[in-house]
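>>> Give me a 3D structure for the following:
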Amino acid sequence: AVGFRWNAHHEEWIESIPWINLASIRFTWGINVMPTSTLERIYGKYNISGLYNQIQGIGIDYEYIPNPNLKPTTSMQYNAGLDLNLFNNKIEIIYDTYYKKVDNLLFESFLNNTAGFDKLYSNDAGVANYGHELALNIRPLPSSSDFNWTFSLNGAYNKDVLLQLPSSFSGQFIKWDYGSGKLLHMVNRVGTPALSNYLLQNNGVYATDADVPVDPVSGLRYRTSDGTFFKAGDPIFADRNGDYILDQRDYARSGSTQPLWTGGIQNTLTYKSFQFSIYASYTASRTILNYALAERLGLYGAPFGDQAIVPIDNLDIWLQDGDIAKYPYPYDFSRNSSVRPFRYDQTLWEENGSYFKINNIIVAYVFDRDFLRRFKLDRFRIYASMDNVYTFSKYSGPNPENVTSLGRDQSSGYPVPRSYTLGFNISF
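Alright, predicted model coming up:
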């Protein structure tokens, strides 16, 4: 790694500007090489199991095929920054921008069943991350004033792009999820964010049977891969390849799983011995899949299940011919296993995951030290605080913060409580 810094405020032409107290420009470059291979991945693994003629058996582990060509992962990063202190340090600005490229990223591929082995590890993937970060601190009042105010704002814009995949995938790798039962499919596509959801596009609900498209060649209505025909009250899934059959070829990359903007705001006010502070955080430009609602509606597909259902009267649900609704008909239990109207892998659950949250508010009073010396005390502070104050968000689910790395709602158990605290700090 190598770094460069120019303290411009020491230059004569800047020293003549009285309102600039500090001005620095930074630039760094670094590279990091990290081995990702193991002896097992390079040479393979043998398992000791079983007996043959009373002799311990040793056999090949066929989980992944040996790859002696594995290389270490290489990370290279540029970073440029600007530091400014203005107006007698009343305004402080710190700005950074970066670009990080990771090559020879370890990638797991599943092999054809004719290969004899299940997986192959290779170094044929690459990803780039870039973004901007800004921190702003403002102290507008003189330090001699009884009233002081500090305002701090920080924000970050971060984005990632997949640069490379193994050539056998032709620029796209789909990780199908059929094992969990929730169909949480992922897609890696070169030129797009590295983590993306792979979903069926939901365009509403069929109001009548006549709204279901008909194949002009066969005369058959749009249907699922098992031959179930769509009808009124069913979801409208986009037929992306135009074959009038809903299958794996109708999925598409959708949404923004990672937030583009994150940051926080801190406000601190003091007047003599009184203190007040408030802290808030925000996230913007993120898509959340409201799986809490999907699970809630999915319970209606099991009329003899042992889980308690939640009323859905407040939702825009199709109930009869001609209804223009957002959510499919939930009471036709026979279609739950074929049409799967509330399946997780659809854009019906996509919502705006942006939020602004007031995390914490504190009010405090610090007693005068001259007064405390009478009682042989050094410091005495009493305070009241409130945590998890309020969240401003258009998200209809339980909590826009409680999501996975792919923006999938994982709300379960008890919600995050709002807490109130009274306390004191004492020093002798």
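>>> thinking Arg335 is in contact with Pro341, fair?
Yes - with contacts counted by Cβ atoms under 8 Å, Arg335 reaches Pro341, the gap being 6.8 Å. C-beta: built from backbone N, CA, C; applies to glycine.
>>> who's more crowded, these two?
Taking neighbours as other Cβ atoms under 10 Å, Arg335 and Pro341 compare with Pro341 leading, 25 against 20.
>>> Let me know the pLDDT of the spatially closest residue to the more buried one that is not a sequence neighbour.
Setting aside the residues directly before and after it, Pro341 is nearest to Pro328 in space (Cβ to Cβ, 6 or more residues apart in numbering), at 3.7 Å. pLDDT recorded at Pro328 is 95.
>>> Next: Gly204.
At Gly204, the pLDDT value in this model is 95.
>>> wouldn't it be in contact with Asp234 here?
No - counting by Cβ under 8 Å, Asp234 is not a contact partner of Gly204; they are 10.4 Å apart.
>>> Looking at the two, which one has more neighbours?
Asp234 (25 against 15).
>>> and that one, what are its phi and psi?
With angles defined as degrees, to the nearest 10, Asp234 sits at phi -90, psi 160.
>>> in stretch 349-361, what's buried?
Buried residues in stretch 349-361, defined by neighbour count with 16 or more other Cβ atoms under 10 Å: 349-351, 353-355, 357-361.
>>> Same check on stretch 24-35?
Across stretch 24-35, burial judged by 16+ other Cβ under 10 Å covers 24, 26, 28.
>>> likewise stretch 3-12?
Neighbour counts over stretch 3-12 (16+ other Cβ under 10 Å) mark 8-9 as buried.
>>> Let me see the ranges of the helices in the protein.
12-15, 39-43, 291-298, 369-373 (DSSP state H).
>>> Export the ones you listed to CSV and append columns for mean pLDDT and distance to Asn69.
CSV is the format used below for the helices of the chain (pLDDT from 0 to 100; distance: least, Cβ to Cβ, whole Å):
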stretch, mean pLDDT, distance to Asn69
helix 12-15, 86, 54
helix 39-43, 87, 9
helix 291-298, 90, 40
helix 369-373, 78, 70
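>>> of these, which approaches Asn402 most closely?
Asn402 lies closest to helix 291-298 among these, at 9.4 Å (Cβ to Cβ).
>>> What are the contacting residues of that closest one?
182, 309-310, 312, 315, 327, 330, 342-344, 348-349, 396-398, 408-411 (Cβ atoms under 8 Å, 6 or more residues apart in numbering).
>>> repeat that with 6 Å
Here helix 291-298 makes contact (Cβ atoms under 6 Å, 6 or more residues apart in numbering) with 310, 330, 342, 344, 349, 397-398, 408-409, 411.
>>> ok, now stretch 365-381?
Stretch 365-381 has contacts (Cβ under 6 Å, 6+ apart) with 273-274, 364, 382, 425-428.
>>> Mind doing that once more with 10 Å?
270, 272-275, 364, 382-384, 423-428 (Cβ atoms under 10 Å, 6 or more residues apart in numbering).
>>> okay, now the closest residue to Ala238 other than its chain neighbours: neighbour count?
Distances taken as Cβ to Cβ, 6+ apart put Gln201 closest to Ala238, at 3.9 Å, once the chain neighbours are dropped. By other Cβ under 10 Å, the residues close to Gln201 number 17.
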